[in-house]
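> Just a sequence and a predicted model for now, questions to come.
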Amino acid sequence: MEQWLSKSSVQSVLFNMNHINKSLSEREVQKVDGIIGADILNKGKAIIDYEKNRLYLKL
């Protein structure tokens, strides 16, 4: 059975995206909710399920 990472087992940094979203809004571009680095996506062998709006990372 495969194990998956939970959000509590991944080290993360949070920061306010308001300044980025303000610039995007001025250009009529959709806002950004967050950024996930390629290092996390690669290490976790990421699977993105767009239909279910989920991101899976392998342990």
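Here it is on my side, so go on.

> ok, so what distance separates the spatially most central residue of the chain from residue 18?
Centroid-nearest residue in the chain: residue 36, 4.0 Å away (criterion: C-alpha atoms, centre = their mean). According to C-beta to C-beta, to the nearest Å, residue 36 and residue 18 sit 19 Å apart. From N, CA and C alone the C-beta is placed, and that goes for glycine too.

> before we move on, what about residue 49?
Distance check for residue 49 against residue 18: by C-beta to C-beta, it reads 28 Å.

> and the gap between the nearest residue to residue 20 once chain neighbours are set aside and residue 58?
Leaving aside its chain neighbours, residue 20 sits nearest to residue 32 (5.8 Å; criterion: C-beta to C-beta, 6 or more residues apart in numbering). Note on residue 32: its distance to residue 58, by C-beta to C-beta, is 25 Å.

> how about the helices of this structure, start to end?
Using DSSP state H, the helices of the chain run over residues 18-26, 38-43.
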